[in-house]
Structures are given as C-alpha cells and as structure tokens.
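Chemist: can you look at this prediction? I've put the sequence above it.
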Amino acid sequence: MQHLHRIGWLSLAMALSLSAIVTTAGIAKPFTYVNARFGQSCTFPDEIFDKPMPEPENGDGQQWLSADRASLTCSGIYNVDNDTPQGFVAQEKASTEPGYKITYSKTGKNWAAFRHQGRQDLLQAAPVREGRRHTYRLDRVSRRAQG
C-alpha cells in the first residue's frame, strides 16, 4: 500500500512537471507594432502572426498572417465624419451584406468593439481619440467558408 502511495505522488509530480514544461513552451513571445502616422500600437504574439505583409504606402497600418489563415490588422484612419463609437457600431449593424451579422457589440465613451460572422469571423476594436479612429482587427476564415 505504501508503494502505491509513492507511485501516486510520483505520477502527480511528473504530471505537474510536464504540464509546466508544456505551458511554458506554449507561451508566445509578445511583439509590439507602433504606427508612426497615427500613433497607435498593437501587441500580439508574433509566433502566431508570423507573416508580416508590406505596410501600405499611405502608412495607415500593417497586417500579419498566421499559418491557419487568420489575419491581424493594426491600422488607423482620420475620423473626418466625427463618428462616435455608438455610430460606428450602428453602421456595422445596418450592413446589408449577405450573411453579415453582428453577434456581439459593446461601446464605451471613446471605443467600440464588435464581432461579426459571415464569410469570415471578425473581432474588431476601434478606439476613437483626438480625431482619429484606431482599428485592431482579427479575422479568421470560418470553417463554412473553407468548404
């Protein structure tokens, strides 16, 4: 009985050690991108989004791709229409694009976040500051669209 008790503790210790190794190996290194034109920054795991696309000539932002066809975009625009966070989400909800449906939205004093489903799953956050709207966008091609 004492022998079984020792094996039980040894197995538990081994399992905890292995889980610590796996957990440590699974932590992705953060990378911070700073957009010079609009001043926003995005921090994300560059081990996942490891394929940077060329930055556009206008300097609006940048996009990164992952091996599983997801994309992350960090960009900004001038808020020339003086959109409020609530108005931004209302515009998205009013979309008549086939299959486009807002499944989550939340707004604050100077930010908006929403998720939509359609051909792609999208999570987008848009802080509105000093006449600019910063966009952090995570796209994933839905399983339905992949065929």
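Modeler: That came in fine, so what should we check first? Note that the coordinates shown come from a computational prediction; the quantities given were computed from them, not determined experimentally.
Chemist: name the surrounding residues that touch the host helix or strand of Ser71.
Modeler: Assessed by DSSP states H and E, Ser71 sits inside strand 70-78. Contacts of strand 70-78 with the rest of the structure, by C-beta atoms under 8 Å, 6 or more residues apart in numbering, involve 33, 35, 37-42, 44, 48-49, 60-66, 131-141. Any C-beta I mention is one placed from the backbone N, CA and C, and that applies to glycine too.
Chemist: what residues are up against the closest residue in space to Trp64 that isn't next to it in sequence?
Modeler: Nearest residue to Trp64 in three dimensions, chain neighbours excluded: Phe49, at 3.7 Å (C-beta to C-beta, 6 or more residues apart in numbering). Contact partners of Phe49, counting by C-beta under 8 Å, 6+ apart, are Trp64, Leu65, Ser66, Ala70, Ser71, Leu72.
Chemist: how about those, which pair is most distant?
Modeler: Within these, Trp64 and Ala70 form the most distant pair, 9.2 Å apart (C-beta to C-beta).
Chemist: between those two, which is the more surrounded one?
Modeler: Neighbour count, other C-beta atoms under 10 Å: between Trp64 and Ala70, Trp64 has more, with 20 against 16.
Chemist: I'd like the mean pLDDT over the helix or strand harbouring the more buried one, please.
Modeler: Per DSSP H and E: Trp64 is located in strand 61-65. What strand 61-65 shows for mean pLDDT is 93.
Chemist: next, the angle from that strand to strand 70-78.
Modeler: The directions of strand 61-65 and strand 70-78 differ by 170 degrees, with axes from the mean of the first three to the mean of the last three C-alpha atoms, to 10 degrees as the criterion.
Chemist: which residues in the chain form strands?
Modeler: Listed in chain order, the strands of the chain (DSSP state E) span 30-34, 41-45, 51-52, 61-65, 70-78, 101-107, 111-117, 120-129, 132-141.
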